[in-house]
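Chemist: give the three-dimensional model of this entry:
(chains A and B)
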2 protein chains.
Amino acid sequence: MRQSILFTKTKREPPKDEEAINAKLLIRAGFVDKVMAGVYSFLPLGFRVLKKIENIIREEMNAAGGQEIIMPVLHPKEVWEKTGRWSGFDALYKVKGKDGREMALGPTHEEIIVPLAKKFINSYKDLPAYLYQIQIKFRDETRVKSGLLRGREFLMKDLYSFHSSQEDLDNYYEKMKKVYQRVFKRCGLNTIITEASGGTFSKYSHEFQVLSEAGEDTIYWCEKCGWAQNREIFGGGSKCPKCGAKLKIGRAIEVGNIFKLGAKYSEPFDLKFKTKDGKEQIVIMGCYGVGLGRILGAVVEVSHDDNGIIWPENVSPFNVHLLAVSDKRKATSDKIYQSLQKTKIEVLYDDRNDVSAGEKFADADLIGVPWRAVISEKTGDKIEVKKRDEKKTKLISGNGLLKLFQKRHRS
Amino acid sequence: MRQSILFTKTKREPPKDEEAINAKLLIRAGFVDKVMAGVYSFLPLGFRVLKKIENIIREEMNAAGGQEIIMPVLHPKEVWEKTGRWSGFDALYKVKGKDGREMALGPTHEEIIVPLAKKFINSYKDLPAYLYQIQIKFRDETRVKSGLLRGREFLMKDLYSFHSSQEDLDNYYEKMKKVYQRVFKRCGLNTIITEASGGTFSKYSHEFQVLSEAGEDTIYWCEKCGWAQNREIFGGGSKCPKCGAKLKIGRAIEVGNIFKLGAKYSEPFDLKFKTKDGKEQIVIMGCYGVGLGRILGAVVEVSHDDNGIIWPENVSPFNVHLLAVSDKRKATSDKIYQSLQKTKIEVLYDDRNDVSAGEKFADADLIGVPWRAVISEKTGDKIEVKKRDEKKTKLISGNGLLKLFQKRHRS
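Modeler: Okay, the predicted model is just below:
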């Protein structure tokens, strides 16, 4: 894409009404726009990152047997009353239609998916089943000061699993721990699987925590054996209860969580199945959630410097940022841009005429595409290539540039 | 995908609480589930169709210069007051947060995009600009009896164009007429461009109408010259005001509409730009909307028979429905399924063991994939291929089947 027609422009000054680094950088660089506290628009650059994250999640969920659906935002009051959460879920937004009907704006979808599952799950032959969606959620949060890390409206992937036995749930749950770590790894995030409060049906749930001072959680973790626990349930002590090593403590961002629901939601809706012997038995459930905007925000928190964002390659809005800093070599720049486009390499091409070289360099650092390629008079026939997180530059030919990215981005 | 693990199953009986053919068939075939009047979930089959429609729209909008974004569902009250629509927009859902803040659930996004544009459009150099999103909208509709054709919650593509002059808007508007017709054509719909009520800034808006008894609109149209007008503004008469031919009258489904907004929304938000001469001038706007679920519903209305849906190839959930109706030839069927998968042909494979051949044929007709391929004892080494909307069958080899779809679905 030509930067001369990119809708957004960068801003020199950070917004005054944001505290979080992720929001400051993302707004300055033109990835998002704040509509009100906890509510953002995703602009062309931010949309591209969101789609990259979405595709990684979709690939992994499909590989784990998930079937994708979309459930609605508007939920009837009755199903939320059935689970006791119409009054019990504190952050529930409620809305009333002209016909007097009261509805909730879905903050999670157990109340919709269980009645849906009841229409299709009858027998042990229908189990296990894995359904997921990538859908907007709504929560009436009191404190929203963490930018993209906590929104009143936010995009989430939620998968629900249905099982004939606790053992089957346990196996899938362990599998999903690995799937989730792979999702975050592919997005450029190292996560610590952290024990958190469970429920009636299991001692613990598990959170995927990214160490960061911007995090709203505090966790205790053991570098030696990997054990970790959220402070909210931590019993105290300075040594790992599993291996005895010294525990570390730090702030962290929760980017995902998984939960053994057991029969918590299948019971109120009487979601049962017939066993091989013809007996009726309750369906056992698990749920697995990931915040897409939160991943995006977390990546910025852990991967930036004083000059701007440093996107990991897999979620970067573009593969390479091509800068034409010499009018005399504009024709060459155009040609290289076109050949990159032709080979499906995603390139942001700074072809702007009325912008100085210095501004272009500053914008490239702020926007944070992992590779920068500069065409100037100084570089002769060559192109100066630099990684966003390194200082050293390298001169390569136009063909060399093509090869570099064809190798990196075979899809 | 193996039908034995597909989450949904077909239903013999149509739902009792639906009048519309599209809803009856889509629910029976397992494409959607009704959560309440005007609110549906899209199940795995329906989700696939929705994604096909979404991709067609995205390709065409990108080709028309559109830059994709996502704006939020929650809108601050203040921006809706500014345009007079907080009280003036009848179907607006309103919600109040714990902090007392009142918000609207976006039924359209002029109130969000104009303040956004104001942050990035300053000069004539920033124009024209084209932004679009594919996002859920909400309208508190009184009558929702048309299934997917009218929802309280529905997925919509809305593009907004920003121009420095009326002439520039007029040109883009004419271009978008063609783009829109191509979108619908690719989805399998023939549309009639129909004049509808305009506004302060233009005499007419234009609707894209699909002739169907299920439609909520009535239009007058001329087969000879293409002129058409919505009954709501029709002045009367039986002859075409353009060419004098006899007019036709019929019911139709509005699947899209385009509108010259002029300065209607740029004025309240004071969205101006600096001309070449340094003068301040108001930005001129257009908007262009398409309902994705409505396209899906319209396709079903115009393309079905007594046995079920007949999907056009471009929006079908799968390219081919492969039926294994003989246990003895299951190994062959499995092999053919795998080779279709390998070549990226999207195949729904009815591998179910406990289902009769008759039921498999009935399900295939109901689900409506445009090509059916049957492997049975009767067909020997061959596969019996049939188009959903034709009676004649053809026996071809496994390789012949692969070639048939490789030719049809080069992507």
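Chemist: write out the residues of the stretch 151-300 of chain A neighbouring chain B.
Modeler: For the stretch 151-300 of chain A, the contact set with chain B under CB under 8 Å from any CB of the partner chain comprises A:Arg152, A:Glu153. Yep, even glycine has a C-beta here, placed from its N, CA and C like the rest.
Chemist: how about the strands of the stretch 151-300 of chain A, start to end?
Modeler: Counting by DSSP state E, counting those that start in this stretch, the stretch 151-300 of chain A has strands at residues A:153-163, A:192-197, A:204-211, A:217-221, A:228-230, A:248-262, A:272-274, A:280-282, A:284-291.
Chemist: can you tell me which residues contact A:Gly84?
Modeler: A:Pro268 (CB atoms under 8 Å, 6 or more residues apart in numbering or on different chains).
Chemist: any chance of the strands of the stretch 151-300 of chain A in JSON lines with mean pLDDT and mean neighbour count as columns?
Modeler: Output for those, formatted as JSON lines (pLDDT from 0 to 100; neighbours: other CB atoms under 10 Å in any protein chain shown):
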{"stretch": "strand A:153-163", "mean pLDDT": "98", "mean neighbour count": "24"}
{"stretch": "strand A:192-197", "mean pLDDT": "97", "mean neighbour count": "19"}
{"stretch": "strand A:204-211", "mean pLDDT": "98", "mean neighbour count": "23"}
{"stretch": "strand A:217-221", "mean pLDDT": "98", "mean neighbour count": "20"}
{"stretch": "strand A:228-230", "mean pLDDT": "97", "mean neighbour count": "22"}
{"stretch": "strand A:248-262", "mean pLDDT": "97", "mean neighbour count": "21"}
{"stretch": "strand A:272-274", "mean pLDDT": "98", "mean neighbour count": "18"}
{"stretch": "strand A:280-282", "mean pLDDT": "98", "mean neighbour count": "13"}
{"stretch": "strand A:284-291", "mean pLDDT": "98", "mean neighbour count": "24"}
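Chemist: right, and these - which one's nearest B:Arg294?
Modeler: For those, the distance to B:Arg294 is smallest for strand A:153-163, at 23.3 Å, taking CB to CB.
Chemist: what strands flank that closest one, and is each parallel or antiparallel?
Modeler: Based on DSSP bridges, the pairing partners of strand A:153-163 within the sheet are strand A:129-138 (antiparallel), strand A:284-291 (antiparallel).
Chemist: list the buried residues in the first one.
Modeler: Of the residues in strand A:129-138, A:Ala129, A:Tyr130, A:Leu131, A:Tyr132, A:Gln133, A:Ile134, A:Gln135, A:Ile136, A:Lys137, A:Phe138 count as buried by neighbour count, 16 or more other CB atoms under 10 Å in any protein chain shown.
Chemist: that strand: how far from the chain's middle?
Modeler: Mean-position distance between strand A:129-138 and its chain equals 13 Å (CA atoms, centre = their mean, to the nearest Å).
Chemist: the spatially closest residue to A:Gly291 that is not a sequence neighbour pairs with what?
Modeler: The shortest distance from A:Gly291 to any non-neighbouring residue, by CB to CB, 6 or more residues apart in numbering or on different chains, is to A:Met156 (5.3 Å). Beta-bridge partners recorded for A:Met156 (DSSP bridges): A:Gln135, A:Gly291.
Chemist: let me see the contact set for A:Met156.
Modeler: Counting by CB under 8 Å, 6+ apart, the residues that A:Met156 touches are A:Ile134, A:Gln135, A:Ile136, A:Lys137, A:Gly289, A:Val290, A:Gly291, A:Leu292.
Chemist: low-scoring stretches of the stretch 301-411 of chain A, by residue?
Modeler: For the stretch 301-411 of chain A, residues meeting the criterion pLDDT under 70 lie at A:409-411.
Chemist: residue contacts, the residue in it that chain B sits nearest to?
Modeler: Nearest to chain B, among the residues of the stretch 301-411 of chain A, is A:Asp354, at 7.9 Å (CB to the nearest CB). By CB under 8 Å, 6+ apart, A:Asp354 lies in contact with B:Lys125.
Chemist: tell me the secondary structure for it?
Modeler: Three-state assignment for A:Asp354 (DSSP: H, G, I helix; E, B strand; the rest coil): coil.
Chemist: show me the domain layout of chain A.
Modeler: Split into domains by automatic domain parsing, chain A comes to A:21-305, A:318-408.
Chemist: pick the most buried one from the ones you listed.
Modeler: domain A:21-305 (a mean of 19; mean count of other CB atoms under 10 Å in any protein chain shown).
Chemist: end to end, how far does that domain reach?
Modeler: Length of domain A:21-305, first residue to last, CA to CA, to the nearest Å: 10 Å.
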